[in-house]
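Chemist: show me how the following folds:
(one chain, ligands or ions: 3)
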Amino acid sequence: MPRYHLTTFGCQMNAHDSERMRGLLGSLGYGEAPDRDEADLIVFNTCTIRGSADERFTGNLGEARRIKRERPDVVVAVGGCWAQAQKESVFRDYPFVDIAFGPGEVNRLGEMLARERLQGIGAFTFDGRFSGDLPALRERPHQAWVQISVGCNCACAYCIVPAVRGRERSRPAAAILDDVRRQAADGVVEVTLLGQNVNAYGRDLPAAGRPSFAGLLRTVAEVPGIKRVRYTSPHPKDIRADVIAAHRDVPEVCEHIHLPAQSGSSRVLKAMRRTYDRGRYLDLVGRIREAVPGIALTTDLIVGFPGETDADFADTLSLVREVGYDGAYTFVYSPRPGTEAGDHMPDDVPAAVKSDRIAALIEVVHATARQRIARHVGAVVPVLVEGPSRTDSRRMAGRSDHNVTVNFLGPAEPGTVVPVRIDASTSTTLGGTVAEVAVPLGAV
Ligand code: SAH
Ligand code: SF4
Ligand code: F3S
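Modeler: Ligands and ions are numbered 1, 2, ... in the order given. Next up, the predicted model:
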């Protein structure tokens, strides 16, 4: 049996595409090899969101080059966003790469494998199929990703995603529901709906009978067996009142929204083309909190965007304090070729200033998250059990409705929701013990 080795970089969309690659390769008769040295096919699913993502990946490519030199029959395949961005140069710069395919072409991997010996593959076209429609080999038994759209129609000045993932396209609701029903029948209890701008869902579908994003959340929540529904990543501009209402009214829709702010400065937000300013973002946070007071909010923030002054950065720090995020991903701006900012705005914040700012931001984010997460101490929270804790073998681990990792003592079956009495917290995790009393899901 031929064997493959797959390495995944980047976001949840890529992690999900990799599950589909595994499913596809399995259906083609490939087994999985424990390391690259034993593989007949070496696959990379790549990311190119920041320069550091490129570097991480090209470092790994060096090993593939060495293996190809030792065993010329090995096939090296590079998929994902970096491959899409480098389509003009990948075979020239990395002649040992046999196959390259973009994120819209996961389903063509098999066909490419068959043709690979005959010619290099140069075509990068989205042929209309969603990777979500391919068979998947799920990483987690009780949790599943469900692709609901691909691409992004936004024009955030720093972001390469629209260039590599293309225009927004929504998957028909019937296909999504089939997917969720199949997963539920297979033991899945939590689904995360995926899209680059997930809450813009449906706008490209025929107007008659098209579901709204909020409608989709409700329909998915009704699938028997599904206990939790999450989604990522939404754009703040597309969080409508009906989405907030779904968080308030539908117990399965989790009490957590990832709400990427990117900056707290209206001036920078404008230059980034985020289409909202600080005031409108805070207004949205206010409406969400009014409807669901206990909701967890997390975010993405960038420091060092072109032209960012000390005052702009101070606005970002104050936004973190004012919103009181439960967590945040923080990034140093990295110019990407082909983006508006990368090509037309000087990367003028000095590296030393960027690193000072990111350090200061991380400190405030940690302090705020620590305070927020501590509010659960003393409460009994429903936890979806995932398995043994990675950090402590005596404990089990799972996630709260608010998407916080909970390490706890007590008997618990993976895939069930158990009440855990919380007695400890850090800036990212909770600790506790299984409580005797059952609590209804979403009650905390
Ligand atoms: N579609 C998602 C994810 C985009 S990429 C969304 O819109 O939220 C994830 C995060 O990476 C972004 O939210 C942004 O904070 C960050 N990011 C994107 N491009 C970047 C760049 N050029 N430099 C630094 N961070 C970047
Ligand atoms: Fe990138 Fe903006 Fe689209 Fe997110 S919404 S993927 S940051 S262009
Ligand atoms: Fe990276 Fe592509 Fe995701 S660039 S962040 S893997 S959409």
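Chemist: and residue 433, how many neighbours?
Modeler: For residue 433, the count of nearby residues is 13 (other C-beta atoms under 10 Å). Quick note: C-beta positions are derived from backbone N, CA and C, even for glycine.
Chemist: is it located within a strand, as I assumed?
Modeler: Yes - assigned with DSSP: H, G, I helix; E, B strand; the rest coil, residue 433 falls within a strand.
Chemist: just checking, it touches residue 418?
Modeler: No - using C-beta atoms under 8 Å, residue 433 is not in contact with residue 418; the gap is 10.4 Å.
Chemist: please enumerate the shared neighbours of the two.
Modeler: Jointly contacting residue 433 and residue 418 under the rule C-beta atoms under 8 Å, 6 or more residues apart in numbering are residue 410.
Chemist: residue ranges of the helices in the chain, please?
Modeler: 12-27, 51-70, 81-85, 90-93, 109-115, 161-165, 173-185, 213-222, 241-249, 266-272, 278-291, 310-323, 340-344, 351-373 (DSSP state H).
Chemist: which positions within stretch 390-405 qualify as buried?
Modeler: 395-405 (16 or more other C-beta atoms under 10 Å).
Chemist: quick one: contacts for residue 203?
Modeler: With C-beta under 8 Å, 6+ apart, residue 203 has these contacts: 168, 170.
Chemist: how about the residues of the stretch 151-300 of the chain near ligand 1?
Modeler: 158-159, 161, 196, 233, 235, 260, 262, 300 (C-beta under 6 Å from any ligand atom).
Chemist: which of the residues you listed are close to ligand 3?
Modeler: Within these, those near ligand 3 by C-beta under 6 Å from any ligand atom are residue 161.
Chemist: now, of the residues of the stretch 151-300 of the chain next to ligand 1, which are buried?
Modeler: 158-159, 161, 196, 233, 235, 260, 262.
Chemist: hmm, who's touching the helix or strand of the chain with the lowest mean pLDDT?
Modeler: Lowest by mean pLDDT, DSSP states H and E among the helices and strands of the chain is helix 109-115, with a mean of 77. The contact list for helix 109-115 (C-beta under 8 Å, 6+ apart) reads 21, 24-25, 28, 41, 43, 75, 77, 79, 99, 101, 121.
Chemist: tell me which of the residues you listed is nearest to residue 55?
Modeler: Residue 55 lies nearest to residue 79 out of those, by C-beta to C-beta, at 18.3 Å.
Chemist: which residues sit in contact with the closest one?
Modeler: So residue 79 contacts 17, 21, 43-46, 100-103, 105-106, 109 (C-beta under 8 Å, 6+ apart).
Chemist: mind redoing it with 6 Å?
Modeler: Residues in contact with residue 79 (C-beta atoms under 6 Å, 6 or more residues apart in numbering) are 45, 101.
Chemist: residue 398 and residue 272, how far apart?
Modeler: Going from residue 398 to residue 272 by C-beta to C-beta, to the nearest Å gives 36 Å.
Chemist: if we can go back for a sec, reformat the buried residues of stretch 390-405 as a markdown table; add pLDDT.
Modeler: Shown next, in a markdown table, are these (pLDDT from 0 to 100):
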| residue | pLDDT |
| --- | --- |
| 395 | 95 |
| 396 | 96 |
| 397 | 97 |
| 398 | 97 |
| 399 | 97 |
| 400 | 97 |
| 401 | 97 |
| 402 | 97 |
| 403 | 97 |
| 404 | 97 |
| 405 | 96 |
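Chemist: and stretch 290-304, how far out from the chain's middle?
Modeler: 16 Å (C-alpha atoms, centre = their mean, to the nearest Å).
Chemist: for the residue in the stretch 301-444 of the chain that ligand 2 sits nearest to, which non-adjacent residue is closest in space?
Modeler: In the stretch 301-444 of the chain, the residue that lies nearest ligand 2 is residue 339 (8.8 Å; C-beta to the nearest ligand atom). Closest residue to residue 339 apart from its sequence neighbours, by C-beta to C-beta, 6 or more residues apart in numbering: residue 160 at 5.6 Å.
Chemist: mind checking which of the residues of the stretch 151-300 of the chain next to ligand 1 are in strands?
Modeler: residue 300 (DSSP state E).
Chemist: what's the PyMOL line that selects buried ones from the contacts of helix 109-115?
Modeler: In PyMOL, a selection of the buried entries from the contacts of helix 109-115 looks like this (16+ other C-beta under 10 Å):
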select buried, resi 21+24+25+41+43+75+77+79+99+101+121
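Chemist: now flag whichever of the contacts of helix 109-115 is closest to residue 139.
Modeler: residue 21 (11.9 Å).
Chemist: if we can go back for a sec, ok, and which of the buried ones among the residues of the stretch 151-300 of the chain next to ligand 1 reach ligand 2?
Modeler: Near ligand 2, by the rule C-beta under 6 Å from any ligand atom, you find 159, 161, 196, 235 out of these.
Chemist: give me the lowest-pLDDT entry from the residues you listed.
Modeler: Within the set of these, pLDDT is lowest for residue 196 (94).
Chemist: that one contacts residue 150, doesn't it?
Modeler: No - using C-beta atoms under 6 Å, residue 196 is not in contact with residue 150, being 7.4 Å away.
Chemist: low-confidence ranges, this protein, go.
Modeler: Along the chain, segments meeting pLDDT under 70 span 116-134, 437-444.
Chemist: near ligand 2, which residues of it are found?
Modeler: Residues of the chain lying near ligand 2 (C-beta under 6 Å from any ligand atom): 152, 154, 156, 159, 161-162, 196-197, 235.
Chemist: ok, now with 8 Å
Modeler: 152-156, 158-162, 165, 196-197, 233, 235, 260, 262, 274, 300 (C-beta under 8 Å from any ligand atom).
Chemist: and residue 298, how far from ligand 3?
Modeler: 16 Å (C-beta to the nearest ligand atom, to the nearest Å).
Chemist: wait, residue 417 touches residue 385, no?
Modeler: No - between residue 417 and residue 385 there is no contact under C-beta under 6 Å: 7.4 Å.
Chemist: looking at the two, which one has more neighbours?
Modeler: More crowded of residue 417 and residue 385, by other C-beta under 10 Å: residue 385, with 24 against 21.
Chemist: identify the bridge partners of the more buried one.
Modeler: Applying DSSP bridges to residue 385 gives these bridge partners: residue 398.
Chemist: chain center to stretch 402-420: distance?
Modeler: Centre to centre, stretch against its chain (C-alpha atoms, centre = their mean), the figure for stretch 402-420 is 22 Å.
Chemist: counting neighbours, which bits of it end up buried?
Modeler: Neighbour-count burial for stretch 402-420 [16+ other C-beta under 10 Å]: 402-410, 412, 414-415, 417-420.
Chemist: does it reach ligand 1?
Modeler: No - using C-beta under 8 Å from any ligand atom, stretch 402-420 stays clear of ligand 1, with a minimum separation of 15.4 Å.
Chemist: again, but for stretch 331-338
Modeler: Yes - Stretch 331-338 comes into contact with ligand 1 (C-beta under 8 Å from any ligand atom), by way of 331-336.
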